[in-house]
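A.B. asks: Build me a model from this:
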Amino acid sequence: MQKIAASAFLFFALICVAGCGAARPVKYYQLTIPSQGPASADASPYPVILLLGSLKASHLYREDRIVYGSTTEQMGTYEGHRWAEPPTEMIEASLLHTLRSSGRYQSVLPLTSSARGDFVLRGQLHDFKEVTGNGLIARVTLDFEMRDVKSGQTVWTHSYTHDEPVSGKDVPAMVAALNRNVQRANAEVSSLLNQYFAAHPPK
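C.D. replies: Predicted coordinates for the structure are as follows:
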């Protein structure tokens, strides 16, 4: 009799776990790398090997959780919506692609490569999140600096911050806005670096 009661209890417990404990599937997102045409034929590349360092960031942006916040200091993360890769790694890959596609440099490589570069570009990610308040926005804030390897001096800095409007109220719309914001940041950094080297031609 005790065996029957135990079997019945186990049966109902399994039903409860199967019916009540089923978790919702996690949805993953990634930044897209835009396709770009070939660089202009009349734009000769600078004789520069540019090394791109890893982005610094808080642990929130070095993990796969999508971050949300408000106009106050409070932030949180979505459980059922995550990045396919940490934001820092996705932004690094996107910027590397943008700089390479510009055709303005002899070579653009990750700092982790064995190449000896002329300049090292580093950055820090401060914001990469959904912000609610008067409407919904996708906020990206980045700081960059470039160091001349030979002299050891920082020769260029730039701060980027932009709030991209979100054309929707769901997570995919917010992800699309963050994606547009990152592409805007990459284009701005690429343009300003081009201006720097045009004004300071490498010898």
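A.B. asks: Can you pull out the low-pLDDT segments for the chain?
C.D. replies: Counting by pLDDT under 70, the chain contains low-confidence ranges at 1-23, 36-43.
A.B. asks: who's in contact with Q106?
C.D. replies: With contacts taken as Cβ atoms under 8 Å, 6 or more residues apart in numbering, Q106 has the following neighbours: 45-49. (Glycine included, C-beta is placed from N, CA and C.)
A.B. asks: secondary structure element for it?
C.D. replies: Secondary structure assignment for Q106, by DSSP states H and E: strand 105-110.
A.B. asks: Pull up the pairing partners for that strand, direction included.
C.D. replies: With DSSP bridges as the criterion, the sheet partners recorded for strand 105-110 are strand 46-52 (parallel).
A.B. asks: Distance check, E85 against Y68.
C.D. replies: E85 sits at a distance of 19 Å from Y68 (criterion: Cβ to Cβ, to the nearest Å).
A.B. asks: and what of A187?
C.D. replies: A187 is 26 Å from Y68, where distance means Cβ to Cβ.
A.B. asks: Repeat that for S94.
C.D. replies: Relative to Y68, S94 is positioned 21 Å away (Cβ to Cβ).
A.B. asks: what's the answer for V155, then?
C.D. replies: Note on V155: its distance to Y68, by Cβ to Cβ, is 37 Å.
A.B. asks: Same question for R122.
C.D. replies: R122 is 27 Å from Y68, by Cβ to Cβ.
A.B. asks: Helix, strand or coil: sort out T132 for me.
C.D. replies: Using DSSP: H, G, I helix; E, B strand; the rest coil, the three-state assignment for T132 comes out as strand.
A.B. asks: on that earlier part again, among V155 and Y68, which residue is more densely surrounded?
C.D. replies: For the pair V155 and Y68, the greater number of neighbours falls to Y68 (18 against 12), based on other Cβ atoms under 10 Å.
A.B. asks: For that one, list each beta-bridge partner.
C.D. replies: Each beta-bridge partner of Y68 is listed here, defined by DSSP bridges: G76, E130.
A.B. asks: buried set for the lengthiest helix in the chain?
C.D. replies: Within the chain, and with DSSP state H defining each element, the longest helix by residue count is helix 171-199. Within helix 171-199, the residues that count as buried by 16 or more other Cβ atoms under 10 Å are 171, 173-183, 185-186, 189-190, 193-194, 197.
A.B. asks: All set now, cheers.
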